[in-house]
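Colleague: Sequence first, predicted model second:
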Amino acid sequence: MSQGLVIIPTYNEKENIEKILRTVFSLTEPFHVLVVDDGSPDGTADIVKALQQEYPGQLFMMERKGKQGLGTAYLRGFEWGLAKDYQFFFEMDADFSHNPEDLVRLYQCSVNENKDVVVGSRYIKGVNVVNWPMSRVLLSYFASRYVRVILGIPVEDTTAGFICYRRRVLEAINFRKIKFVGYAFQIEMKYVAYKLGFSIMEIPVIFTDRTLGKSKMSKNIIREAVFGVLQLKMRNILRRYK
């Protein structure tokens, strides 16, 4: 059995899902994949079901009704994987903004460096983003700087969504107390892991904006991330995570 579970949330990813799955299964490390689909009307789930016949025991799917948020997709995926005894958990987008080959680097870094959380970082060595307009690059970069300053967390790319968590990290986190469901979820998970004393390391990756399908970014997601940081700071003042 594979030690690593890659969790891929999907909503309307029919253009990308087959290619991303085949790429993951072609890697040198034998990762398993759990697709968490939020009722995609474009037939994403049907494509995954067909591929399950080709990758039995490697490809799994959780179907949910309606869009329930990125954060809840990952949390349900974590719960599923913890029950199945996986040791390493990976967050990755379906649209190739994260290079699947970097999964191996995240895994090897966690194993060889004995790190609890390994973040695929766009900003640890300059700005490694392709096909974004400058306005979005600046928004993302300064949002991460803002989070770092407010929360005091030693992570350059605080909003990154390409991550490896060791099992012991997820076992220590009370998922019921995770508040956010959008991009602020990524900030909150890193912050809680940091406050619980787990080691975090960043490795440089190149983030490439999607070429197929539609972006899920919205003003509400950005607003949640900006104001969510202040809420996280206040919650830390009022109670400890340990």
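Modeller: Received it, and whenever you're ready, just let me know what you need.

Colleague: Would you state the helices of the chain in chain order?
Modeller: Using DSSP state H, the helices of the chain run over residues 17-25, 44-52, 70-83, 102-113, 134-151, 167-172, 184-195, 219-238.

Colleague: These: which one's closest to Ile7?
Modeller: Of all those, it is helix 70-83 that lies closest to Ile7, at 3.7 Å by C-beta to C-beta. Where you see a C-beta, it was placed from the backbone N, CA and C, and this is true even at glycine.

Colleague: what's the angle from the closest one to helix 184-195?
Modeller: 50 degrees (axes from the mean of the first three to the mean of the last three C-alpha atoms, to 10 degrees).

Colleague: Only C-alpha atoms, please: export helix 70-83 in PDB.
Modeller: In PDB, the C-alpha atoms belonging to helix 70-83 read as follows (Å, rounded to 0.1, in the frame of the first residue of the first chain):
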ATOM      1  CA  LEU A  70     -12.100  23.900  -0.600                       C
ATOM      2  CA  GLY A  71     -11.500  23.600   3.100                       C
ATOM      3  CA  THR A  72     -14.200  21.100   3.900                       C
ATOM      4  CA  ALA A  73     -13.100  19.000   0.800                       C
ATOM      5  CA  TYR A  74      -9.600  18.700   2.300                       C
ATOM      6  CA  LEU A  75     -10.900  18.000   5.800                       C
ATOM      7  CA  ARG A  76     -13.200  15.200   4.600                       C
ATOM      8  CA  GLY A  77     -10.300  13.900   2.600                       C
ATOM      9  CA  PHE A  78      -8.000  14.000   5.600                       C
ATOM     10  CA  GLU A  79     -10.500  12.100   7.700                       C
ATOM     11  CA  TRP A  80     -10.900   9.500   5.000                       C
ATOM     12  CA  GLY A  81      -7.100   9.100   4.700                       C
ATOM     13  CA  LEU A  82      -6.500   8.900   8.400                       C
ATOM     14  CA  ALA A  83      -9.100   6.100   8.600                       C
END
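
Colleague: Just the local confidence number for the closest residue to Asp157 other than its chain neighbours, please.
Modeller: Distances taken as C-beta to C-beta, 6 or more residues apart in numbering put Ser121 closest to Asp157, at 4.0 Å, once the chain neighbours are dropped. As predicted, Ser121 sits at a pLDDT of 91.

Colleague: Repeat that for Val149.
Modeller: You'll see Val149 listed with a pLDDT of 84.

Colleague: Contacts only, for it.
Modeller: Listed by C-beta atoms under 8 Å, 6 or more residues apart in numbering, Val149 has no contact partners.

Colleague: quick revisit: in the sheet, who's paired with the residue nearest to Asp157?
Modeller: Beta-bridge pairing for Ser121 (DSSP bridges): Pro204.

Colleague: how many other residues sit next to it?
Modeller: Residues within reach of Ser121, counting by other C-beta atoms under 10 Å, total 22.

Colleague: Quick check: it touching Glu202?
Modeller: Yes: counting by C-beta atoms under 8 Å, Ser121 does reach Glu202; the two are 3.8 Å apart.
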